[in-house]
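Asker: Just the structure for this:
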Amino acid sequence: MDAGRGEPDLGMLAGRLTRALQEELFRRLAEEGHPGVRPRHGTVLAFLEPEGLRATELSARSGQHKQIVGTIVDELVELGYVRREPDPGDRRAKRVVPTERGRDEITKARAILSGIEDRHRRALGDERFGVFKEALVEVARSQSDWNRGA
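Answerer: Residues are numbered from 1 along each chain as shown. Reported below is the predicted structural model:
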């Protein structure tokens, strides 16, 4: 909290927003047939393409270490959400490809998140929400790049 104003700081607000979004998303996914999916699985599922991606690409997109992505992929294989297939461009490499169950989860997660976003857009109005989201994107990009220019 900011000692002068008693308001939560950026880290507190970002954490609160993330937890609340995840709580709603994963509760609703469980209700729609995906009770085993956890927030950590979003490291793979949120960035996965229909034709699949290499683990190194998932790591780069999610910002997580390749070892963490590998562990999560193992969990998702066991849960039936993804499979590993040879990469057509390099048979030595593997692609992580969503199964039918994985595609269903991805579709439902995106629809749920879109509905959450629409709810907030209606509450704030199109203009205020647009300014908020634009600013949030800029802050997230700036924070992600904080040490690249040093």
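
Asker: longest strand anywhere in this protein?
Answerer: If you go by DSSP state E, the chain has its longest strand at strand 90-98.

Asker: which parts of that strand are buried?
Answerer: Buried positions in strand 90-98, judged by neighbour count with 16 or more other CB atoms under 10 Å: 94-98. Every residue, glycine included, has its C-beta placed from N, CA and C.

Asker: as a whole number, average confidence for that strand?
Answerer: Mean pLDDT, strand 90-98: 92.

Asker: Counting by contacts, list what the helix ranked longest in the chain packs against.
Answerer: Taking DSSP state H as the criterion, the chain has its longest helix at helix 100-124. Applying 3 or more CB pairs under 8 Å, 6 or more residues apart in numbering; DSSP states H and E, one finds that helix 100-124 contacts helix 10-31, helix 42-45, helix 126-144.

Asker: Give me the neighbour count for the nearest residue to Leu21 once chain neighbours are set aside.
Answerer: Ranked by CB to CB, 6 or more residues apart in numbering and with sequence neighbours excluded, the top spatial neighbour of Leu21 is Ile116, at 6.6 Å. Neighbours of Ile116 under the rule other CB atoms under 10 Å: 15.
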